[in-house]
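> sequence first, predicted model second:
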Amino acid sequence: MKISSFVAAVILLVFSPNIHSQTANEILESMSTEEKVGQVMVWSLIGTQLDSRIHNLVSRYKPGSIIIFRRNIRNTRQLARLTSNLQSLAAKKMKAPLFIMIDQEGGVVTRVRINTPIPSALALSRVDDPEFIKDFAKTKGDLLMALGVNVNLAPVLDISNPKKDSFIGNRTFGADPENVSNLTIAYARGMNDAGVIPTAKHFPGHGGTVQDSHRVTPKKMSTLEELESRDLVPFQEFIDQGINSLFMTAHLALPNVDKSGLPTTYSPFLIQEHLREKMGFKGLVLTDDLEMKGAAIHPDIGERTIRAFLAGNDLLMLAGTPAHQRRAFHAMVNAVNQGRISMERLNESVLRILKAKEALPQPAAQTDMKKAMTAVRKLEDMSRQVMRKAFKVAIENRLRDWPEYDPKLMIPVFSASRGFYRHFRENYQGRARFYHLNSHSLNLLSDRLARPEVKLAIYYASGSVTARKLRQLTPQLREKLIVVNCNHSGEVEDQETFMTVLNFGGHSPESGGWIAEELMNPSRLEPVETRTPAEAGDSSSPDVGENDFSEIENSD
C-alpha cells in the first residue's frame, strides 16, 4: 500500500454524540433487547464500501463492533472512507459508536500493509527495548486511529519457544514470561497513548500447542499451577498494571484445568471464576471467531454463541458468513426473551461495552492525513531498524562457514519476493540468477541445487510453505544453502545441516542487500559491524505486493 494512496481530499468523520452526551447507564436504560444484543456482536463485512448490503446489515442488526479483514481493504484512503461511513451510519441508527477492530499484529498477521513489511512480534522482541517497542506501537496506533480503527487485536501474550514448531510461530514475543510481560505491556501502553484499545490474546495461552484452532480444538495438558507459573504471567501483569485492554479467549481445551474438556471460550470456570474473580479482570472479554473449527462444540452457530455468552464473554465474534451472523443474533434475542439469558446478565456486558466506548477519545472533526503520512514514514523507518537488528542477531558467528567471494561464481537466489532478489542484485558485484518460488518451481528446487556448478545458493523462506519445502532436501544439497528464515526458527528443521540458517522471525526483502554485502566483505572473519539504518543508503521500498504474505492468513 503506497504512501501516495494517502493523498486524498479531506474525509469528514461523523461519530455518534450520544455516548459523550449521555452516561452509559442512561443509554443502557433506553435500549431495546435487540439493541443490547447488537452491542455484544462483533461482525465482519463483505466488501470495501458502504453499499446497500452493509447499510442494511448495520441498520437492521446494529452490531456494536465491526472487524476489518484484508478483503475489506483496497488502500488506505478507501479504508478511512469505509470506517468514516460506518461510524456516520452508526450515529444515525445506533445509540453508541462502533468498535472498529483489526488484526494488526505485524508479520503474517498484518491487515494494513505499508511499503516496508511490519515486523512480527518475534522480530520486535529482538530489539529488547521496551521504550522503543512502546514508541513503535504508538506509531502503529497513530496510523490506525487516522484510518478510523479504535481496537487492535494485538499483542499476542502467548508464551512459546520460537525454536520449536507451534501454531503461534513468530507471533509470540518469546518463551520467557517476564520478558513477554515487559514487552507486551510496553506495546499496549503505546497503543493506549495513541487512543487505540489493544487486545491481550489468547487467554489463557496457546503457547506451545502445535494444532491450529482454525482447524481443530487444540488440547493443552498443563495444570492450573503450571499455567499460573508460566502462561498466565503476562495476563496477570496486564491486570495488575491496569492496562486498558480487551482480553481474547482461546479456542483451547485444558482438561487438567477444566474437567468439562470445553475450550476456554465456553468455560465459566476459566472466564468467570479464574479470570474475573481470582485474577481480578474487570474489562471486556472477547471471543475469537466462533466460526473457527476450534469453537465448533455444537453444529448450530446460534447455540455456540449463546454458550459463549453464558460462559462469561462480553463480545461475540462472528467473522464468517452473513447467514451465520443473523442466525446468531436471533438465537441470542430468543435466549433473552425465553429467560435462558437473564436481562441482568445481558445488561452486565452491555454496560461494560458502553463504558469502554465512553472512554474512547473524542474523534477529530476530520481525518488528519498529514498525521497519517507521518505515522507511515516513521513506522517504515522503525520497521527497518527492527529488521536490521534481527539481521545482526541472526548473522553473528555465522559467517565463518561462508565461502570466499568469487565474482565468477553464479549464485542462484530462490525467493517468492522479487524485492529480496532486487536488493541482493543491487549490492552484489558477482553473478546471480533469480528463481521465483511458486508451486511449480518448488518442485524443481532439488534439481537446480544438484547441478555441479552450484556451490552456493540463497533461499528466502518467506512463509510456512517455502520453509517446509526445505525438509525434502538431502544433506548434500542443504550444505549449499544460506537460508533466510522469515518464520520462527522451529519452522526449519535440522538447521545444523545447512551452510547457514539466518532466523529473522519476520519479512525483510532489504536483507538481500545486507547478505550481498557480507558475502563481498573481505574482513568478515573479524567481528561483525553492521550499519545502522540511517547509513544503509538505500531508501527504496520492497515490492510489498510480491512478498509471500499469503502463505498463512490468520483470522485472529
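All right, it came through fine.
> for the closest residue to residue 171 other than its chain neighbours, phi and psi?
In space, and not counting its chain neighbours, residue 171 is closest to residue 156: 4.7 Å by Cβ to Cβ, 6 or more residues apart in numbering. C-beta here means a position set from N, CA and C on the backbone, and glycine is covered the same way. Backbone torsions of residue 156, given as degrees, to the nearest 10, read phi -80, psi 120.
> from residue 489, how far off is residue 156?
17 Å (Cβ to Cβ, to the nearest Å).
> between these two, who's got more neighbours?
A count of neighbours by other Cβ atoms under 10 Å puts residue 156 above the other of residue 156 and residue 489, at 33 against 22.
> contact partners for that one?
The contact partners of residue 156, by Cβ atoms under 8 Å, 6 or more residues apart in numbering, come to 105, 121, 168, 171, 172, 173, 184, 201, 202.
> please redo it, this time with the cut-off set to 6 Å
Applying Cβ atoms under 6 Å, 6 or more residues apart in numbering, one finds that residue 156 lies in contact with 121, 171, 172, 201.
> please tabulate these in CSV and include pLDDT as additional columns.
Formatted as CSV, the contacts of residue 156 follow (pLDDT from 0 to 100):
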residue, pLDDT
121, 95
171, 93
172, 92
201, 97
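> looking at those, which are in helices?
When the contacts of residue 156 are checked against helices (DSSP state H), the matches are residue 121.
> if we can go back for a sec, against residue 169, how distant is the residue nearest to residue 171?
Counting by Cβ to Cβ, the separation of residue 156 from residue 169 is 10 Å.
> for the stretch 351-500 of the chain, which segments count as strands?
410-415, 431-436, 457-461, 481-485, 500-503 (DSSP state E, counting those that start in this stretch).
> who does the second one pair up with?
Going back to what we said before, that points to strand 431-436. Strand pairing for strand 431-436, determined by DSSP bridges: strand 410-415 (parallel).
> could you check how far the strand it pairs with is from the centre of its chain?
Relative to the centre of its chain, strand 410-415 is centred 31 Å away, using Cα atoms, centre = their mean, to the nearest Å.
> tell me where the stretch 251-400 of the chain is predicted with low confidence.
Applying pLDDT under 70 to the stretch 251-400 of the chain flags residues 362-368, 400.
> now do the helices in it.
268, 301-311, 322-337, 343-358, 369-395 (DSSP state H, counting those that start in this stretch).
> I'd like those helices laid out as a markdown table, including mean neighbour count.
Below are those laid out as a markdown table (neighbours: other Cβ atoms under 10 Å):
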| stretch | mean neighbour count |
| --- | --- |
| helix 268 | 16 |
| helix 301-311 | 22 |
| helix 322-337 | 19 |
| helix 343-358 | 18 |
| helix 369-395 | 20 |
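> so which of these comes closest to residue 427?
helix 369-395 (13.3 Å; Cβ to Cβ).
> what's the neighbour count on residue 242?
Neighbour tally, residue 242, other Cβ under 10 Å: 9.
> state the distance from the residue nearest to residue 171 to residue 43.
Shown here: residue 156 relative to residue 43, a distance of 23 Å by Cβ to Cβ.
> go on, residue 219?
From residue 219 to residue 43 the distance is 29 Å (Cβ to Cβ).
> between those two, which is the more surrounded one?
Remark: of residue 219 and residue 43, residue 43 carries more neighbours, 25 against 14, as counted by other Cβ under 10 Å.
> now residue 214. Nearest residue, chain neighbours left out?
Spatial nearest neighbour of residue 214, excluding adjacent residues (Cβ to Cβ, 6+ apart): residue 292 at 5.1 Å.
> I'd like the distance between the one you found and residue 217.
Residue 292 is 9 Å from residue 217, by Cβ to Cβ.
> more neighbours, those two?
A direct count of neighbours by other Cβ under 10 Å for residue 292 and residue 217 places residue 292 higher, at 23 against 20.
> run through the residues that contact the more buried one.
Residue 292 neighbours (Cβ under 6 Å, 6+ apart): 213, 214, 251.
> got it, and residue 159?
So residue 159 contacts 177, 180, 205, 207, 230, 231 (Cβ under 6 Å, 6+ apart).
> for residue 251, same thing?
Contacts of residue 251 (Cβ under 6 Å, 6+ apart): 213, 263, 265, 288, 292, 294, 295.
> tell me how many other residues crowd the first one.
The criterion is other Cβ under 10 Å. On that basis, residue 213 has 24 neighbouring residues.
> pretty sure it is touching residue 295, no?
No - using Cβ atoms under 6 Å, residue 213 is not in contact with residue 295; the gap is 7.8 Å.
> what's the spacing between the most centrally placed residue in the chain and residue 235?
Closest residue to the average C-alpha location of the chain: residue 105 at 2.8 Å, with Cα atoms, centre = their mean. For residue 105, the distance to residue 235 (Cβ to Cβ) stands at 17 Å.
> could you do residue 396 as well?
On the measure of Cβ to Cβ, residue 396 and residue 235 end up 33 Å apart.
> could you do residue 116 as well?
31 Å.
> hmm, back to that, so which of the strands of the stretch 351-500 of the chain is the most surrounded?
strand 457-461 (a mean of 27; mean count of other Cβ atoms under 10 Å).
> which residues are contacting it?
Here strand 457-461 has contacts from 412, 413, 414, 415, 420, 467, 480, 481, 482, 483, 484, 485, using Cβ under 6 Å, 6+ apart.
> tell me the least confident of these?
Within these, residue 467 has the lowest pLDDT, namely 92.
> average pLDDT for stretch 57-74?
Stretch 57-74 shows a mean pLDDT of 96.
> for residue 461, which non-adjacent residue is closest in space?
Nearest to residue 461 is residue 467, by Cβ to Cβ, 6+ apart, at 4.2 Å.
> these two touch, right, that neighbour and residue 491?
Yes - in this structure, residue 467 is within contact of residue 491 by Cβ under 6 Å, at 4.3 Å.
> tell me how far the closest residue to residue 47 other than its chain neighbours lies from residue 508.
Nearest non-adjacent residue to residue 47, counting by Cβ to Cβ, 6+ apart: residue 54, 6.0 Å away. Counting by Cβ to Cβ, the separation of residue 54 from residue 508 is 37 Å.
> more neighbours, those two?
Between residue 54 and residue 508, counted using other Cβ under 10 Å, the more crowded position is residue 508 (33 against 22).
> got the contact list for that one?
residue 387.
> helix/strand/coil for it?
Put simply, residue 508 is coil when judged by DSSP: H, G, I helix; E, B strand; the rest coil.
> residue 161 looks like it's in a helix, true?
No - using three-state DSSP, the assignment for residue 161 is coil, not a helix.
> okay, now it: neighbour count?
17.
> closest to residue 376 out of the contacts of residue 156?
Using Cβ to Cβ, residue 121 is the member of those that lies nearest residue 376, at 20.4 Å.
> ok, and the closest non-adjacent residue to the closest one?
Nearest in space to residue 121, with sequence neighbours left out and distances taken as Cβ to Cβ, 6+ apart, is residue 173 at 4.8 Å.
> where does residue 138 sit, in terms of helix or strand?
For residue 138, the host element (DSSP states H and E) is helix 130-146.
> now what about that helix, what contacts it?
Under Cβ under 6 Å, 6+ apart, the answer for helix 130-146 is 182-183, 186-187, 189-191, 193-196, 371-372, 375, 378-379, 382.
> what segments of the stretch 101-250 of the chain are helices?
Using DSSP H, counting those that start in this stretch, helices in the stretch 101-250 of the chain cover 121-125, 130-146, 177-194, 224-229, 233-240.
> next one: the stretch 401-550 of the chain
Under DSSP H, counting those that start in this stretch, the stretch 401-550 of the chain gives helices at 418-427, 439-443, 445-449, 464-469, 475-478, 511-520.
> can you put the contacts of residue 156 in JSON lines and add neighbour count?
As requested, the contacts of residue 156 are exported to JSON lines (neighbours: other Cβ under 10 Å):
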{"residue": "121", "neighbour count": "30"}
{"residue": "171", "neighbour count": "29"}
{"residue": "172", "neighbour count": "27"}
{"residue": "201", "neighbour count": "26"}
